[in-house]
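> When you get a sec, could you give me coordinates for this:
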Amino acid sequence: MMTKDTLLKVEHLSMKFGGLMAINDFSFEVRRGEITALIGPNGAGKTTVFNCITGFYKPTMGMITLTLQDGRQHLLERLPDFEITKKAKVARTFQNIRLFSGLTVLENLLVAQHNALMKASGYTVLGLLGLPAYKRAANAAIEKAKYWLEKADLVDRADDPAGDLPYGAQRRLEIARAMCTGPELLCLDEPAAGLNPKESLALNALLRSIRDEGTSLLLIEHDMSVVMEISDHVVVLEYGQKISDGTPDHVKNDPKVIAAYLGVEDEELDEAIHEVEAVAGGKI
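So this is what the prediction gives:
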């Protein structure tokens, strides 16, 4: 039974590529109004989980249930990727920035609202006639774009080509563009990758503000300073299996997590746990 505050529930997810089991019986939840981080060593299967949630892969086994605020439920493993965005209100960014570099910053945010504008235009006819319903939708799209320009601290660059922005600003623009689709769940694939400390701070502030306004976030991140600073909930993968799940403090002190990041073999885990307990004074 799904609890009231659960937005996304992943149950017994498995993904097999030929003879390789990339994800094996993986279950976790994303709670509404929280930032959940999915972490683990390289090759753990994090991006594969993301691809299953956002419809790029169809899992070999398992159920992925998303419950919207209005109570509607969607089984994401049964939906094509475009319907996951449209119907289930899931937005995603990628490791590699995918902006329209030749369009302006403002135009990138308007493009994200293309579906709503096309519907309001009657698929061009009402827009060409300039009828009131389309004008209202166009004005609403511009206001939403302006709002996210402010949130992402990009107002002064609104008319600049997106490709001219510094790297950190491009990351914030990509997130702002995703938010213009009105998601209830925002999935971010390594949003802090390549950022300097100042840019990371600006990113953290943006992600917290998105969470505080009611959008839940699920992120993959290798920068542990970002994960531990902004996450409410951390899930750890190793070789496609969950090894830890809890608060940032719980996870960073979990001997299994420490052993995984140090590359300790299974038979050495007990010894590693004893070493960690000794360093921590037996308080783990």
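> Only C-alpha atoms from now on, for both contacts and neighbour counts.
Noted.
> Could you pull out the buried residues of the longest helix along the chain?
Secondary structure of the chain per DSSP state H: the longest helix is helix 132-151. Neighbour-count burial for helix 132-151, counted by 16 or more other Cα atoms under 10 Å, picks out Tyr134, Lys135, Ala137, Ala138, Ala141, Ile142, Lys144, Ala145, Lys146, Trp148, Leu149, Lys151.
> With stretch 48-64 instead?
Buried residues in stretch 48-64, counted by 16+ other Cα under 10 Å: 48-55, 57-59, 61-64.
> got a list of contacts for that stretch?
8-16, 22-23, 25, 75-81, 84-85, 90, 92, 187 (Cα atoms under 8 Å, 6 or more residues apart in numbering).
> can we see that at 6 Å?
Contacting residues not belonging to stretch 48-64 are listed as Lys9, Val10, Glu11, His12, Leu13, Ser14, Met15, Leu75, Leu76, Glu77, Pro80, Asp81 [Cα atoms under 6 Å, 6 or more residues apart in numbering].
> returning to what we had before: in helices only, show me the buried residues of stretch 48-64.
The helices, defined by DSSP H, take in Thr48, Val49, Phe50, Asn51, Cys52, Ile53 from these.
> Mind telling me what element Ala176 is part of?
In the assignment (DSSP states H and E), Ala176 maps to helix 167-179.
> Convert the C-alpha atoms of that helix to CSV, please.
In CSV, the C-alpha atoms belonging to helix 167-179 read as follows (Å, rounded to 0.1, in the frame of the first residue of the first chain):
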residue,chain,number,x,y,z
TYR,A,167,28.9,26.5,-18.0
GLY,A,168,27.3,26.9,-14.6
ALA,A,169,24.6,29.2,-16.0
GLN,A,170,23.9,26.7,-18.8
ARG,A,171,23.2,24.1,-16.1
ARG,A,172,20.8,26.4,-14.3
LEU,A,173,19.1,27.2,-17.6
GLU,A,174,18.6,23.5,-18.3
ILE,A,175,17.0,23.0,-14.9
ALA,A,176,14.8,26.1,-15.4
ARG,A,177,13.7,24.9,-18.8
ALA,A,178,12.7,21.5,-17.3
MET,A,179,10.7,23.4,-14.6
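> Return the list of helices and strands in contact with the next helix or strand after that helix.
Sequence-wise, the next helix or strand downstream of helix 167-179 (DSSP H and E) is strand 185-189. Secondary-structure packing of strand 185-189 (3 or more Cα pairs under 6 Å, 6 or more residues apart in numbering; DSSP states H and E): strand 90-93, strand 216-220.
> what lines up beside the first one in the sheet?
It stands for strand 90-93. The strands beside strand 90-93 in its sheet (DSSP bridges) come out as strand 185-189 (parallel).
> mean confidence for the partner strand?
Strand 185-189 shows a mean pLDDT of 96.
> so is His12 in a helix, a strand, or just coil?
Recorded secondary structure, His12: strand (DSSP: H, G, I helix; E, B strand; the rest coil).
> who's in contact with the closest residue to it other than its chain neighbours?
Once flanking residues are discounted, His12 sits nearest to Asp25: 4.2 Å by Cα to Cα, 6 or more residues apart in numbering. Going by Cα under 6 Å, 6+ apart, Asp25 touches His12, Leu13, Ser14.
> any idea how far the first one is from Gln241?
Separation of His12 from Gln241 (Cα to Cα, to the nearest Å): 10 Å.
> which residues are common contacts for these two?
Joint contacts of His12 and Gln241 (Cα under 6 Å, 6+ apart) are Phe26.
> of the two, who's got more company?
The neighbour comparison of His12 against Gln241 (other Cα atoms under 10 Å) goes to Gln241, with 19 against 14.
> Considering only helices and strands, which part of the protein has the lowest mean pLDDT?
Taking mean pLDDT, DSSP states H and E as the measure, the chain has helix 125-129 as its least confident helix or strand, at a mean of 48.
> Got the confidence number for Gly19?
So Gly19 comes in at 89 (pLDDT).
> give me the number of residues near it?
By the criterion of other Cα under 10 Å, Gly19 has 6 neighbours.
> ok, and the closest non-adjacent residue to Leu13?
Distance criterion Cα to Cα, 6+ apart; nearest residue to Leu13, sequence neighbours excluded, is Gly62 at 4.1 Å.
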